[in-house]
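*Asks:* with the input below, show me the fold.
(chains A and B)
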Protein chains: 2
Amino acid sequence: MLKTKVTVPTALINREHWAQFEVNKLYKKVCLDRLEEKINYKFRDKSFIVQAVTHSSFRQNVTDCYQRLEFLGDAVLDFLVTCLVFSRHSQYSPGQVSDLRSHYVKNETLASVCVKAGLEKHMLHMADKLQTAIDKFLNRILEDSNMDDVNIEEDEVEWQDVDVPKALGDMVESIIGAVYLDSGRSLKTTWNVVVVLMGHVIEETMTDIPIDCVRKLFEEMPNKVEFIKVPREEDDDTAKYEVRVEGLPVLVGKGRNYRTAKMAAAKLALQKLTYVNLC
Amino acid sequence: MLKTKVTVPTALINREHWAQFEVNKLYKKVCLDRLEEKINYKFRDKSFIVQAVTHSSFRQNVTDCYQRLEFLGDAVLDFLVTCLVFSRHSQYSPGQVSDLRSHYVKNETLASVCVKAGLEKHMLHMADKLQTAIDKFLNRILEDSNMDDVNIEEDEVEWQDVDVPKALGDMVESIIGAVYLDSGRSLKTTWNVVVVLMGHVIEETMTDIPIDCVRKLFEEMPNKVEFIKVPREEDDDTAKYEVRVEGLPVLVGKGRNYRTAKMAAAKLALQKLTYVNLC
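*Replies:* Model (predicted):
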């Protein structure tokens, strides 16, 4: 069996006494005992959780940064949620189970999971830009939704997609990878932590499958939807997509790239359609 | 634990006697006993293997088509190879382990695994186009490599990427999903089947990591490589990418989409560079 081939008993790069001392210092520095409470798991080997919260911008000399644990945690999480979706939703079509799995493991979801549990407070990093992005994302989450401010009267409406720092989702994956290794590769123990962190997401989707907004818009308004890519202006980092829907003004979605801009435009249109139907 | 939540004891849609009879008929029709020999696994419940080889174009009334098993098998395989890569290659960078995992699970690799084991002979389908694509792919595999025919003297060289039928890779994943369920969700048993099917791929990559050709080209010829997207002509399904490398003629890669066309162009350039260096 795989797990017997190579054991990974510790994440420590150096086994000397000072290394363990350093791990304990870092553990205290970002209050990892509080993080352990939040995920309801106590690490036998603290070096795993120190590694799981170490961003590549933070130089410490006792473990690697979290990228390898994230690589492992990503696959563990994907496997666990696939088993869940496969078992629970036997009546769903292949497209639907695939949408549901994507929803659980995508960065937007994991980043929300991260800040809802307050895990980001424990990240070891030295990147100012990352901190600014995290702060912005936290504000956006606090606002809950900025969609209410949209004015239906205007001819052209813009909506900017949320900028989700990848590091937040990565950290959830690395913590899952760390638990998996520290628990002696126990999928059961790892699943318990996933449930603590993502239980609310799993509950929310028990009956409603999160859908692809672009697909939903085409389904709701067949033959009445047209997406138009707006060419980028010079010196403009933002990608824009127009969506023209019969009976609505021209709507514009903005994003870091055309994929998110298109999604933003579709979201906006769906929200408008609901508003129009309610009036 | 997940596996105790919902058990999936059979893939049969209908438990009546005739359904079992139908399963046995289909099992014999495409010689699934031979397939079992090829993967060194004997199914307790034949309905799983019948489902695993049933393409959506083939209408039978005892199991679903393989799409749900493929969804599950994809995650099981990804998890198993991630554990392997993580454990075996602890010295590799995060980028390298990620490249290696992608190599194991990408459709091109799984499709080759499928035809090398001769699994495609057992597929239940009614799609002529699919059969033509499979035959073409088989011929290409038999040719081993068409790169030797490239004439270095010409000013512009084209190379068409191999058209890999997605159904072949899907079938490997669905078989892995079927083994996982039939074995009572045993990862150990499933891993044994993965090793039978993919052992040669794993061995080949023990020391050499398969790399991203586009990245390798940029690494080999820093600041001397330019990729240019060729706009699609009307009525032309083929995507084309030019690559201009200092000291080489203009090379063109073709593919079903721009991603594969760019890859084909990069492969061609790397092959040319090796040729030039040898002369």
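*Asks:* tell me which element the closest residue to chain B within the stretch 101-250 of chain A falls in.
*Replies:* Closest residue of the stretch 101-250 of chain A to chain B, CB to the nearest CB: A:Lys188 (4.7 Å). (Each C-beta comes from the backbone N, C-alpha and C, glycine too.) In this assignment (DSSP states H and E), A:Lys188 forms part of helix A:187-204.
*Asks:* now A:Leu187. Nearest residue, chain neighbours left out?
*Replies:* Using CB to CB, 6 or more residues apart in numbering or on different chains and skipping residues adjacent in sequence, the residue nearest A:Leu187 is A:Leu80, 6.8 Å away.
*Asks:* part of a helix, is the one you found?
*Replies:* Yes. With DSSP: H, G, I helix; E, B strand; the rest coil as the criterion, A:Leu80 is part of a helix.
*Asks:* okay, now it: neighbour count?
*Replies:* 23 (other CB atoms under 10 Å in any protein chain shown).
*Asks:* same question, A:Glu220
*Replies:* 14.
*Asks:* A:Tyr241 versus that one, what's the distance?
*Replies:* A:Glu220 sits 18 Å away from A:Tyr241, taking CB to CB, to the nearest Å as the criterion.
*Asks:* try A:Ile13
*Replies:* Separation of A:Ile13 from A:Tyr241 (CB to CB) stands at 46 Å.
*Asks:* who's more crowded, the two?
*Replies:* Each of A:Ile13 and A:Tyr241 had its neighbours counted (other CB under 10 Å), and the higher figure belongs to A:Tyr241 (24 against 13).
*Asks:* which ones are touching that one?
*Replies:* When the contact criterion is CB atoms under 8 Å, 6 or more residues apart in numbering or on different chains, the partners of A:Tyr241 are A:227-230, A:252-253, A:255, A:258, A:261-262, A:264-265.
*Asks:* for the helix or strand harbouring A:Leu77, packing partners?
*Replies:* The secondary structure element spanning A:Leu77 is helix A:67-88 (assigned by DSSP H and E). Counting contacts by 3 or more CB pairs under 8 Å, 6 or more residues apart in numbering or on different chains; DSSP states H and E, helix A:67-88 packs against helix A:46-52, helix A:94-105, helix A:166-182, helix A:187-204, helix B:2-5, helix B:67-88, helix B:94-105.
*Asks:* deepest-packed of those, please.
*Replies:* Mean neighbour counts were taken over those using mean count of other CB atoms under 10 Å in any protein chain shown, and the top value, a mean of 27, falls to helix A:46-52.
*Asks:* what's the average pLDDT for it?
*Replies:* Helix A:46-52 comes out with an average pLDDT of 97.
*Asks:* extract the C-alpha set from that helix and format it as PDB.
*Replies:* Included here for helix A:46-52 are C-alpha records, laid out as PDB according to Å, rounded to 0.1, in the frame of the first residue of the first chain:
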ATOM      1  CA  LYS A  46       3.700  20.900  15.500                       C
ATOM      2  CA  SER A  47       6.100  21.200  12.500                       C
ATOM      3  CA  PHE A  48       3.200  20.200  10.200                       C
ATOM      4  CA  ILE A  49       0.900  23.100  11.200                       C
ATOM      5  CA  VAL A  50       3.800  25.500  11.100                       C
ATOM      6  CA  GLN A  51       4.500  24.400   7.600                       C
ATOM      7  CA  ALA A  52       0.800  24.700   6.600                       C
END
